[in-house]
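> Below: sequence and its predicted model.
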Amino acid sequence: MNNELSVIESQGGIVSMAIDSLTTQVLQNADDGVELCVLDIELVESVVKASKSAQGFQRATLYWIRQKKGYLILGYESFEAFGLKEFGLEKSTLHSMANAHHIQTVLEKSNMLDLDKELPIRSANQLNKLSDAEIPEAFQLATDKANEDSKKLSAKHVEEAVKELQAKNKSLQQQLDDTEIMYNESSRQRDQLRDNRDRIINEQVEERISGERAKLILENQDAIAQAKREAENAQGELERLKKDQAKAIKDEVFSEIQKRKTEIDQLEYRCESLKKQTAELKTVRDSLDVEVGALAVHKESIKNAKEYLTFLSSSFADAFDTKTLPPETLNDWRAVKDALLMLQIELHDFINQNSAIDGAVVVGGAL
């Protein structure tokens, strides 16, 4: 590379060809992100000298020096100091020329500008207000304006095109901002409505649960008290029969003993049964809180399931509306179908294999 640049400096007869080669091999790597080092000082000096010998080459050179920070290799503290010393260019002109090369490169890559045409600085300054993606669109708009006026493309056409494109983009951005604001407000209102709905539902569920719980507890307590009274009566009757049995034994009345013994056995069985039933009723009472908690869990699960089903229905609707089934999505849709069928089977088994909690039945059995 340095040998080629030496040829540029020493052979005046082939300067044009050498500059083309230099542009292709050196200056096109300005934006590769690799900064120069002190070992590249000869390369930088050669580029600067070649640029001074060919004025049309300056823009590419200045852009390359700025992007690669070649001015640091030459001992300058800034790109502006380098431009002023080496080329006699003030800050604004220096950057305008470097920017013009970048903009011209963007237009050439978009086939908007011939390689042998140089973009005027004034036009480049206007296009520099835009992003790389917007530059070709603005240049095409300026070209159309010039054709409508039947005039040669001028900096004024470019300036008008840039302003028009900026106004269009500003309007689109404003519409986007307004849409985002409306969406955020709709989301906020939707979330507020959902929160209010959930709060009302929760309050109703809690009220219902509290009422049912109080009712079940009261009925269970009544059943326990009734069982306790029956057990006490049975115990009293048992004591009486035991006394009668003792009397019968004393009187040696065998038939009376057998009769009393049978009654005693029956009452003892009844007494044990009532004690067991009382214990079971106490167990039911202790489990009421657990059962009521299960009701809340099921309510929440059902609510969430309904919301998810609504979301799934909406998601499927978009695909169903196309009335097509791309081959690439066939396996995915089958997987979704299988998952839904499996969920249906699990729900069916859950409902069939789990009996419902019925506090009234439990209380009725106790009575």
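On my side now, so go ahead.
> Pull the contacting residues for the nearest residue to residue 76 once chain neighbours are set aside.
Take residue 76 and drop its neighbours on the chain: the residue closest to it by CB to CB, 6 or more residues apart in numbering is residue 82, 4.1 Å away. In short, each C-beta sits where N, CA and C put it, glycine included. Applying CB atoms under 8 Å, 6 or more residues apart in numbering to residue 82 gives the contacts 65, 71, 74, 76.
> By neighbour count, which of the residues you listed wins?
For the contacts of residue 82, the largest neighbour count, defined by other CB atoms under 10 Å, is 28 neighbours, found at residue 65.
> correct me, but that one touches residue 43?
No. Judged on CB atoms under 8 Å, residue 65 makes no contact with residue 43 at a distance of 11.1 Å.
> In JSON lines, list the contacts of residue 82 along with secondary structure, distance to residue 241 and pLDDT.
Listed next are those as JSON lines, based on DSSP: H, G, I helix; E, B strand; the rest coil; distance: CB to CB, whole Å; pLDDT from 0 to 100:
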{"residue": "65", "secondary structure": "helix", "distance to residue 241": "121", "pLDDT": "93"}
{"residue": "71", "secondary structure": "helix", "distance to residue 241": "120", "pLDDT": "95"}
{"residue": "74", "secondary structure": "coil", "distance to residue 241": "124", "pLDDT": "93"}
{"residue": "76", "secondary structure": "coil", "distance to residue 241": "122", "pLDDT": "95"}
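> which one among the residues you listed gets closest to residue 315?
Proximity of the contacts of residue 82 to residue 315 (CB to CB) peaks at residue 65, which lies at 55.8 Å.
> Identify the residue spatially nearest to the closest one, adjacent ones excluded.
residue 71 (5.7 Å).
> Correct me if wrong: the one you found contacts residue 85.
No. Counting by CB under 8 Å, residue 71 does not reach residue 85; the two are 9.4 Å apart.
> if we can go back for a sec, quick one: what helix or strand has the residue nearest to residue 76 in it?
Using DSSP states H and E, residue 82 sits in helix 79-87.
> what's the answer for residue 34, then?
Using DSSP H and E, residue 34 falls outside every helix and strand.
> contacting residues around it?
Contacts of residue 34 (CB under 8 Å, 6+ apart): residue 68.
> do the same with residue 261
residue 245.
> From the chain's centroid, how far away is the helix or strand hosting it?
If you go by DSSP H and E, residue 261 is part of helix 254-321. With CA atoms, centre = their mean, to the nearest Å as the basis, helix 254-321 stands 43 Å off its chain's centre.
> Please work out the average pLDDT along it.
Averaging pLDDT along helix 254-321 gives 77.
> could you point out which element follows it?
helix 330-353.
> What residues of that following helix count as buried?
Within helix 330-353, no residue is scored as buried using 16 or more other CB atoms under 10 Å.
> Renumber starting at 619 from here on
From this message on, residue numbering opens at 619, which makes the last subject helix 948-971.
> Residues contacting it, please?
Here helix 948-971 makes contact (CB under 8 Å, 6+ apart) with residue 943.
> how much does that helix deviate in direction from helix 872-939?
Counting by axes from the mean of the first three to the mean of the last three CA atoms, to 10 degrees, helix 948-971 lies at 160 degrees to helix 872-939.
> got the CA coordinates for helix 948-971 in PDB?
Extracted in PDB, the C-alpha atoms of helix 948-971 (Å, rounded to 0.1, in the frame of the first residue of the first chain):
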ATOM      1  CA  LEU A 948     -49.300 -27.400  10.200                       C
ATOM      2  CA  ASN A 949     -47.200 -29.100  12.800                       C
ATOM      3  CA  ASP A 950     -47.500 -26.100  15.200                       C
ATOM      4  CA  TRP A 951     -51.300 -26.100  14.900                       C
ATOM      5  CA  ARG A 952     -51.400 -29.800  15.500                       C
ATOM      6  CA  ALA A 953     -49.300 -29.400  18.600                       C
ATOM      7  CA  VAL A 954     -51.700 -26.700  19.800                       C
ATOM      8  CA  LYS A 955     -54.700 -29.000  19.100                       C
ATOM      9  CA  ASP A 956     -53.100 -31.900  20.900                       C
ATOM     10  CA  ALA A 957     -52.400 -29.700  23.900                       C
ATOM     11  CA  LEU A 958     -56.000 -28.500  24.100                       C
ATOM     12  CA  LEU A 959     -57.300 -32.100  23.800                       C
ATOM     13  CA  MET A 960     -55.000 -33.200  26.600                       C
ATOM     14  CA  LEU A 961     -56.200 -30.300  28.700                       C
ATOM     15  CA  GLN A 962     -59.800 -31.300  28.000                       C
ATOM     16  CA  ILE A 963     -59.100 -34.900  29.100                       C
ATOM     17  CA  GLU A 964     -57.400 -33.700  32.300                       C
ATOM     18  CA  LEU A 965     -60.400 -31.500  33.100                       C
ATOM     19  CA  HIS A 966     -62.800 -34.300  32.400                       C
ATOM     20  CA  ASP A 967     -60.900 -36.700  34.700                       C
ATOM     21  CA  PHE A 968     -60.700 -34.000  37.400                       C
ATOM     22  CA  ILE A 969     -64.400 -33.400  37.400                       C
ATOM     23  CA  ASN A 970     -65.300 -37.100  37.300                       C
ATOM     24  CA  GLN A 971     -62.800 -38.200  39.900                       C
END
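> Could you check how far that helix is from the centre of its chain?
26 Å.
> in the stretch 669-818 of the chain, which spans are helices?
Using DSSP state H, counting those that start in this stretch, the helices found in the stretch 669-818 of the chain span residues 676-686, 688-691, 697-705, 709-727, 739-745, 753-767, 773-868.
> Check which residues of stretch 770-785 are buried.
771, 772, 774, 775, 776, 777, 778, 779, 780, 783.
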